[in-house]
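Peer 1: What shape does this take:
(one chain, ligands or ions: 1)
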Amino acid sequence: MSGRLSGKVAIVTGGARGIGAAVAYKLGLEGAKVVIADVHEEAGKWREGWLRSNGVDAFFIKTDVSIESDVKNMVNETVKRFGGVDILINNAGIGFSGKSIFEQTLDEWNRVISINLTGVWLCSKYAGQEMAKRGGGVIVNIASTRAFQSEPNTEPYSASKGGIVALTHSLAISLSKYKIRVVSVAPGWIDTSEWQYPPRKPSLNPLDHAQHPAGRVGNPMDVANLIAFLVSDEASWITGVNFTIDGGMTVKMIYMDPDVLGNSIGTMVQDPELGDLIIRVLMSGGAKLTELKRMIKTMLNS
Ligand SMILES: NC(=O)c1ccc[n+]([C@@H]2O[C@H](COP(=O)([O-])OP(=O)(O)OC[C@H]3O[C@@H](n4cnc5c(N)ncnc54)[C@H](O)[C@@H]3O)[C@@H](O)[C@H]2O)c1
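Peer 2: The predicted structure is shown next:
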């Protein structure tokens, strides 16, 4: 295929599923030859076939980004197959949530940091060396809006993503002399169902979409479209910075009040009248709230 990335070679870590799979597809549509490097062999092989049947010159290399010998092999095999490396998308990552810091173990902390953060450092080191030989390149690191704000019990994940943002500007300065640009992208809520292995139908409710200033939850192609621009020559003056892509969620100020609660419930169940009634009961307080509580208990027990 021909496009903005014709003749370029891209490695997408974690490219078998989710955001990485969409990025691999988009870069391929723009003309790049794409290596998908993923720890999940079955999904990786399946995605390689899917990409090829959609016209992308793709190749899967089984890789655990937290293991140095795997990363060296990923880069060596890419050079053998496609002649060099121009673009690296450090996308592979795992989540963490639901456990208080008092229960989190050192092993859990180390696992998240080694895949999400050390993996970015390792892949940048070895792919960067190949880019330097080619006279330049671009590295895009996938961070998260959780680098900047948090729900409870997410310390390893948030710290790994904050680390990626800092690693990005550090790499950008160190690698500028090799004409290697380095940026990070921090997605908000991206529904990856349709890019999973196997693909699934999204199961989002109206409130999930409505709470975003952009009116909807994000999808992997939103992120892929931004990345395709960032790795192209159109972005040649951009390095060292982070791009948040979150449908406006992180700039939205949220204060809880009866309007927010009532309208949220009305949107979720797609019944604005119920939302209005709940607002009025919440505003009136006292006896009406006690009555509402009694009615809900009766309903639940019936
Ligand atoms: N989906 C979101 O809402 C969201 C939001 C912000 C940031 N992110 C980030 O985007 C990236 C992709 O997320 P996703 O939602 O598509 O996740 P996903 O789980 O759908 O895909 C991640 C891929 O990475 C692979 N992977 C995991 N550990 C690996 C390892 N050690 N080595 C190589 N590959 C490995 C998995 O096998 C999988 O194919 C992650 O870094 C994630 O933190 C996602």
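Peer 1: Can you show me the strands along the stretch 151-300 of the chain?
Peer 2: 180-187, 242-245 (DSSP state E, counting those that start in this stretch).
Peer 1: Can you tell me which of these is nearest to the ligand?
Peer 2: Closest approach to the ligand among the strands of the stretch 151-300 of the chain (Cβ to the nearest ligand atom): strand 180-187, 3.9 Å. Heads up, the C-betas are built off the backbone N, CA and C, glycines and all.
Peer 1: What strands line up against that closest one, and which way round?
Peer 2: Strand pairing for strand 180-187, determined by DSSP bridges: strand 137-142 (parallel), strand 242-245 (parallel).
Peer 1: ok, residue 285 to the ligand distance?
Peer 2: 38 Å (Cβ to the nearest ligand atom, to the nearest Å).
Peer 1: What's the local residue count around that residue?
Peer 2: 10 (other Cβ atoms under 10 Å).
Peer 1: Tell me who's in contact with the closest residue to residue 158 other than its chain neighbours.
Peer 2: Sequence neighbours aside, residue 146 is the residue nearest to residue 158 in space, at 4.8 Å (criterion: Cβ to Cβ, 6 or more residues apart in numbering). Listed by Cβ atoms under 8 Å, 6 or more residues apart in numbering, the contact set of residue 146 reads 154, 157, 158, 161.
Peer 1: Take these and keep only those in helices.
Peer 2: Using DSSP state H, the members of the contacts of residue 146 that fall in helices are 157, 158, 161.
Peer 1: does the last one really touch residue 141, like I thought?
Peer 2: No: shown here, residue 161 and residue 141 do not form a contact pair, counting by Cβ atoms under 8 Å, at 9.5 Å.
Peer 1: what separates the nearest residue to residue 279 once chain neighbours are set aside from the ligand, distance-wise?
Peer 2: Excluding its sequence neighbours, the residue lying closest to residue 279 (Cβ to Cβ, 6+ apart) is residue 262, at 3.4 Å. The spacing between residue 262 and the ligand, counted by Cβ to the nearest ligand atom, is 28 Å.
Peer 1: Can you give me the pLDDT of residue 262?
Peer 2: Note on residue 262: pLDDT of 95.
Peer 1: and it, how many neighbours?
Peer 2: 21.
Peer 1: which residues sit in contact with it?
Peer 2: 275, 276, 277, 278, 279, 282.
Peer 1: residues near the fifth one, how many?
Peer 2: Same thing as residue 279. 19.
Peer 1: wait, it sits on residue 263?
Peer 2: Yes: using Cβ under 8 Å, residue 279 is in contact with residue 263, at 7.3 Å.
Peer 1: For these two, list the residues in contact with both.
Peer 2: The contact sets of residue 279 and residue 263 do not overlap (Cβ under 8 Å, 6+ apart).
Peer 1: List the beta-bridge partners for the closest residue to residue 171 other than its chain neighbours.
Peer 2: Spatial nearest neighbour of residue 171, chain neighbours left out: residue 182 (4.3 Å); criterion: Cβ to Cβ, 6+ apart. Assessed by DSSP bridges, residue 182 has beta-bridge partners residue 139.
Peer 1: burial of residue 182, as a residue count?
Peer 2: Close neighbours of residue 182, defined as other Cβ under 10 Å, add up to 27.
Peer 1: same check, this time on residue 52
Peer 2: Other residues lying near residue 52 total 13 when counted by other Cβ under 10 Å.
Peer 1: part of a helix, is it?
Peer 2: Yes: counting by DSSP: H, G, I helix; E, B strand; the rest coil, residue 52 falls inside a helix.
Peer 1: Which pLDDT does the model give it?
Peer 2: Residue 52 carries a pLDDT value of 98.
Peer 1: wait, isn't it in contact with residue 58?
Peer 2: Yes: taking contacts as Cβ under 8 Å, residue 52 lies within contact range of residue 58: 5.7 Å.
Peer 1: And whatever helix or strand residue 79 lives in, what's buried?
Peer 2: Assessed by DSSP states H and E, residue 79 sits inside helix 68-82. Across helix 68-82, burial judged by 16 or more other Cβ atoms under 10 Å covers 70, 71, 73, 74, 75, 77, 78, 79, 82.
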